[in-house]
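Participant: Whatever this is, show me its structure:
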Amino acid sequence: MHVRAYLRASTKDQDANRARDDLFRFAEERRLKIAASYVENESGASLKRPELFRLLADCHPGDVLLVEQVDRLSRLNAEDWEKLKAEIQARRVKVVALDLPTSWMMATADKDDIQSRILDAINGMMLDMLAAIARKDYEDRRRRQAQGIVAAQARGAYKGRREDEERNAGIVKMLEKGMSWNTIVAATGCSRSTLARLAKRSVGPSSS
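Facilitator: Numbering: from 1, shown residues only. The predicted structure is shown next:
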């Protein structure tokens, strides 16, 4: 059995490694060794998470996927959560989350078949419940943000997302050096609409 730690944060401004010490401490207390860590900055509401699926591809039956909280694994809608669960179950991977005490015994191998099946059933129900709560929290937060924007627009106070001035200044310099749009997009991750807007500040749009 291998333990594989999964660490996720939603944006590049957040530190996906923040929970690493807690995960390693949890494993050490149970005399387990974390074989590998998989770190990424992606939304938990999306299935487009290459490191998570690389972790699953690396797993053997009986391996443990260790996360700090269930919402690090999923803020998915019901359909996508079922797809992810099916992938986890097909690979016979055990999910252990620090915020889900019923899952902790899954990290130990000394269980008979009956006990293992009971734990799997209990853990599965709790995972479903926490994943649903995580999704609701995500949707509630998005709704409050949208309501806040509408209220700010009504007051004339909403100015949109704050510009990343340092990044955009760098993009303008890249444009002025004649770098292609495709190269700039690949290097910075900016959208082509943003690039078109910034090109107006430069000597003119570069060819793609």
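Participant: contacts and neighbour counts: CA atoms only from here.
Facilitator: Will do.
Participant: ok, the nearest residue to residue 77 once chain neighbours are set aside - how many residues close by?
Facilitator: Distance criterion C-alpha to C-alpha, 6 or more residues apart in numbering; nearest residue to residue 77, sequence neighbours excluded, is residue 135 at 6.4 Å. Neighbours of residue 135 under the rule other C-alpha atoms under 10 Å: 21.
Participant: which residues touch residue 135?
Facilitator: By C-alpha atoms under 8 Å, 6 or more residues apart in numbering, the residues touching residue 135 are 45, 74-77.
Participant: Confirm that it sits in a helix.
Facilitator: Yes - counting by DSSP: H, G, I helix; E, B strand; the rest coil, residue 135 is located in a helix.
Participant: all helices of the chain, in order?
Facilitator: 20-29, 50-58, 70-73, 78-90, 113-155, 165-176, 181-188, 192-199 (DSSP state H).
Participant: tell me the domain ranges of this structure?
Facilitator: 3-136, 165-199 (automatic domain parsing).
Participant: For the ones you listed, state which one has the densest average packing.
Facilitator: domain 3-136 (a mean of 17; mean count of other C-alpha atoms under 10 Å).
Participant: and it, average pLDDT?
Facilitator: For domain 3-136, mean pLDDT rounds to 89.
Participant: Just give me how far that domain sits from the chain centre.
Facilitator: The chain centroid and the centroid of domain 3-136 are separated by 12 Å under C-alpha atoms, centre = their mean, to the nearest Å.
Participant: end-to-end on it?
Facilitator: Across its full length, domain 3-136 reaches 29 Å between end residues, using C-alpha to C-alpha, to the nearest Å.
Participant: circling back to that earlier point, just name the closest of the contacts of residue 135 to residue 24, please.
Facilitator: Relative to residue 24, the closest of the contacts of residue 135 is residue 74; by C-alpha to C-alpha it sits at 20.9 Å.
Participant: Would you mind measuring from the closest one to residue 50?
Facilitator: In terms of C-alpha to C-alpha, residue 74 sits 14 Å off from residue 50.
Participant: again with residue 185
Facilitator: 20 Å.
Participant: Could you do residue 23 as well?
Facilitator: Residue 23 is 21 Å from residue 50, by C-alpha to C-alpha.
Participant: One more: residue 108?
Facilitator: 28 Å.
Participant: go on, residue 114?
Facilitator: On the measure of C-alpha to C-alpha, residue 114 and residue 50 end up 35 Å apart.
Participant: do residue 115 as well
Facilitator: Distance from residue 115 to residue 50, by C-alpha to C-alpha: 33 Å.
Participant: Kindly report the same for residue 102.
Facilitator: 28 Å.
Participant: now residue 178
Facilitator: 32 Å.
Participant: Bridged to residue 40, which residues?
Facilitator: Note on residue 40: beta-bridge partners by DSSP bridges are residue 8.
Participant: ok, it touching residue 51?
Facilitator: Yes - at 6.3 Å, residue 40 counts as touching residue 51 under the criterion of C-alpha atoms under 8 Å.
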